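**Q** Dropping the sequence and predicted coords here.
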Amino acid sequence: MRLTPAHLDMATAALRAVLPLEHPADSMLRHFFRENPALGANDRAFIAESVFGILRHRFFLECISGTSIPRSLLLAYLARFQGMNLRELLPLVSEVEAKWLTGIKAVTPESQPLAIQAEFPEWLTEKLRGFMPDNEILDLGRSLQRPASLDLRVNTLLANREEVLALLNKDGIAGNATPYSLVGIRLAGKPAINRHELFLTGKVEVQDEGSQLLGYLLAPKRGDMVVDFCAGAGGKTLMLGALMRSQGRIYAFDISEKRLNNLKPRLKRSGLSNLYPQRIANENDIKVKRLTGKIDRVLVDAPCSGLGTLRRNPDLKWRQSPQSIEELKRKQAAILSSAANLLKPGGRLIYATCSFLPEENQEIVERFLAGHPRLAPLNCAELLAQQKIPLDTGVYLQLSPGLHGTDGFFAAAMELVK
Ligand SMILES: C[S@@+](CC[C@H](N)C(=O)[O-])C[C@H]1O[C@@H](n2cnc3c(N)ncnc32)[C@H](O)[C@@H]1O
């Protein structure tokens, strides 16, 4: 695509709309596109890529630019991360900008402090230093600066992976079976899969491979009674339904009506009939309480900082803070405790987050287990091996974008002893 002054102006305007970060960047960008309906597909792709690219590298860009002005951040991003040389940019910029760009081309990331190289705010870098050496913080930060892949889950109620791969291939969409999930496909690029027949007929859903592994940890059986306690828009619920071959019963709880509404069209496409979305007021709702002791498998995909998804949501690092994490920890502990009451003897609970902070993960689980001797920890590596998935990250499942190519999920498994 040949870059024009109009492209720069539109991307700058989009960035100006997104940068206050009062709302999630993806919803602000969707709003911007709705307000600017004349933009073509290529323009939108350029704008989205630039806005998210800048958010991924914002600390470094601000540092080398010495400013937070959207147009300067955009030019610095194009020069430093999109490989645009000065010759290409010169016709689009003023003389002053051209001179300034020459200067910033020379700065190396290695000369910057750790927090800037890793693209983490100071407060997060300090938290990480409490349990990680600097070189690992840097690796983690760098892995989260790379864009995430587009992963699909094959809905095994309606199709199988080989058949879907062949159909994608026929339509020129390159993809491969994911290394761990038995029903995952990792696409090579970012095709508009939501307009593809396979998506529209419910044969595939978009779902990160790491998220799919949580389904295999829970491993619900056909006739089971299952609760997805924090179901949201049902990313994981739909997989559980397919694993159960649409038999048994899944209650999809969430406090957000809006998110549960987003589940409805997905549910319709999926062909599942064993799923019951229910809005609850909080984790102590009567709809929860009446299931006490009746449930075979409970998934708690807890509200969390989401820091393990920074590849997809780079704005989260400014939308979270030490205070918001304290608040989340209180919620996580309360939800885990209520959710565990639902288990039948012998029932299994999976507590999961998409965070890499121990305080949201093992610390919540270990504190809970210490006060609940009837719940016994299960080994995640063994549970996955039972499903013929060779992935051993120890007792807990701990995924990282750098090592596993997935979002940074954490999961702990436990069982109510008989
Ligand atoms: C990590 S998201 C869930 C994502 C979802 N499982 C998926 O795969 O798409 C956490 C969810 O917890 C919900 N939530 C927050 N507090 C809750 C509570 N007390 N009880 C149940 N759900 C809650 C939020 O509305 C949010 O949808």
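**A** Yep, it's here. Numbering: from 1, shown residues only.
**Q** hmm, the helix or strand Asp151 falls within in reach of the ligand?
**A** Applying DSSP states H and E as the criterion places Asp151 in strand 150-154. No: counting by CB under 6 Å from any ligand atom, the ligand is not contacted by strand 150-154; separation bottoms out at 11.0 Å. Heads up, the C-betas are built off the backbone N, CA and C, glycines and all.
**Q** Export that strand to CSV, keeping only CA atoms.
**A** Extracted C-alpha coordinates of strand 150-154, given in CSV (Å, rounded to 0.1, in the frame of the first residue of the first chain):
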residue,chain,number,x,y,z
LEU,A,150,-5.2,-16.0,14.9
ASP,A,151,-6.2,-19.4,16.4
LEU,A,152,-9.4,-21.3,15.6
ARG,A,153,-11.1,-24.1,17.4
VAL,A,154,-12.9,-26.7,15.4
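**Q** Report the buried residues of the next helix or strand after that strand.
**A** Downstream of strand 150-154, the first helix or strand assigned by DSSP H and E is helix 161-170. Neighbour-count burial for helix 161-170 flags 161, 164-165, 167-168 (criterion: 16 or more other CB atoms under 10 Å).
**Q** pLDDT on the strand holding Asp151, on average?
**A** The average pLDDT for strand 150-154 rounds to 98.
**Q** same thing with stretch 241-260?
**A** 98.
**Q** And His372, how far from Lys268?
**A** Distance, His372 to Lys268, by CB to CB, to the nearest Å: 38 Å.
**Q** Looking at these two, which is more packed in?
**A** Neighbours per residue, other CB atoms under 10 Å: of His372 and Lys268, the larger number sits with His372, 15 against 10.
**Q** Grab the nearest non-local neighbour of Ser50.
**A** Closest residue to Ser50 apart from its sequence neighbours, by CB to CB, 6 or more residues apart in numbering: Ala11 at 4.6 Å.
**Q** Could you tell me which residues make contact with that neighbour?
**A** Ala11 sits next to 46-47, 50-51, 74 when contact means CB atoms under 8 Å, 6 or more residues apart in numbering.
**Q** And for the residue nearest to Gly405 when sequence neighbours are not counted, the neighbour number?
**A** Leaving aside its sequence neighbours, Gly405 sits nearest to Ser149 (CB to CB, 6+ apart; 6.6 Å). Neighbourhood size, Ser149 [other CB under 10 Å]: 18.
**Q** give me every residue that touches Ser149.
**A** 186-187, 405.
**Q** which of the residues you listed count as buried?
**A** 186-187, 405.
**Q** Can you pull the phi and psi angles for the residue nearest to Glu257 when sequence neighbours are not counted?
**A** Leaving out its chain neighbours, the residue that sits closest to Glu257 by CB to CB, 6+ apart is Arg279, at 5.2 Å. Per-residue torsions, Arg279: phi -80, psi 130 (degrees, to the nearest 10).
**Q** Could you measure from Arg279 over to Phe131?
**A** Using CB to CB, Arg279 is found at 37 Å from Phe131.
**Q** quick one: which of those two has more around it?
**A** The residue with more neighbours, out of Arg279 and Phe131, is Arg279; 16 against 12, by other CB under 10 Å.
**Q** Show me which helix or strand of this structure is least confident by mean pLDDT.
**A** helix 86-89 (a mean of 87; mean pLDDT, DSSP states H and E).
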